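1. quick one: sequence plus predicted model below, questions after.
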Amino acid sequence: MSSPLGNKQNITVFVLYLMQNVGYPMDFVTINDVIMQTDYVAYLDFAESFARMKDGGLIQEAGTTDKGDPAYRVTDKGRTVVESLQNEILPSILEESLTCALRYLDFRRRGVKASCRSVPAPAGGYHVTCSLTEGETVLLSITLWADTASRAKLMENQFRAHPENVYRATLALMSGNVNYLFD
């Protein structure tokens, strides 16, 4: 399956753009997780692009993580590529992807754990229970009813893909800050 961004050049620019705008070195797994926050790049395309960026001098090692894995940053050459070619990708795609990446990294850095499961409801349908915890603190715990197994699975997948969005939207609604939903 190919990536929605299309060609290899766009994938490279997309990855470099996100790495550059995150602003600090990340290991391969974290970069992959950041890229996968949206569905614009398939894993195999990312892995291939990552190897090409290393070989081409667009990214380089910049130390190691606390687990000893190499951490990478965008080089000057990589920044030049982003500046020259980022107009080839819709700005809305870049902005949406960066927002998702930064939210994901914030939750990850804080150690927020997301869990979600669905179980058949006694009266029919399914109860979908989602929660977010930070250490011993429950940040969010919500149970919703879904009429079909497929809708329950869709709700689970959406929560797992973007738990930070569910949290922020719920917090905004519950605190009366509905402008968040329209920003």
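-> In hand now; what should we look at? Numbering: from 1, shown residues only.

2. where does the protein dip in pLDDT?
-> Low-confidence segments of the chain (pLDDT under 70): 1-3, 177-183.

3. quick one, domains of it?
-> Domain ranges of the chain: 8-109, 111-182, per automatic domain parsing.

4. quick check: which of the ones you listed is buried the most?
-> Most buried of the domains of the chain, by mean neighbour count (mean count of other CB atoms under 10 Å): domain 8-109, with a mean of 17. C-beta here means a position set from N, CA and C on the backbone, and glycine is covered the same way.

5. can you tell me the element His127 falls in?
-> strand 126-134 (DSSP states H and E).

6. tell me the contacts of Ile59?
-> Going by CB atoms under 8 Å, 6 or more residues apart in numbering, Ile59 touches 16, 19, 50, 53, 72-75, 78.

7. from Leu105, how far off is it?
-> Per CB to CB, to the nearest Å, Ile59 is found 17 Å from Leu105.

8. how about Ser175?
-> Computed as CB to CB, the Ser175 to Leu105 distance reads 24 Å.

9. what do you get for Ser131?
-> 20 Å.

10. then Thr30?
-> Distance, Thr30 to Leu105, by CB to CB: 8 Å.

11. alpha carbons of the next helix or strand after the strand holding His127, as PDB, please.
-> Downstream of strand 126-134, the first helix or strand assigned by DSSP H and E is strand 137-146. In PDB, the C-alpha atoms belonging to strand 137-146 read as follows (Å, rounded to 0.1, in the frame of the first residue of the first chain):
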ATOM      1  CA  THR A 137      -4.100   9.900  38.400                       C
ATOM      2  CA  VAL A 138      -7.100   9.100  36.200                       C
ATOM      3  CA  LEU A 139      -7.300  12.000  33.700                       C
ATOM      4  CA  LEU A 140     -10.300  10.600  31.800                       C
ATOM      5  CA  SER A 141     -12.600   7.700  32.100                       C
ATOM      6  CA  ILE A 142     -15.600   7.500  29.900                       C
ATOM      7  CA  THR A 143     -18.000   4.800  28.700                       C
ATOM      8  CA  LEU A 144     -20.100   5.300  25.600                       C
ATOM      9  CA  TRP A 145     -22.700   3.000  24.000                       C
ATOM     10  CA  ALA A 146     -22.300   1.800  20.400                       C
END
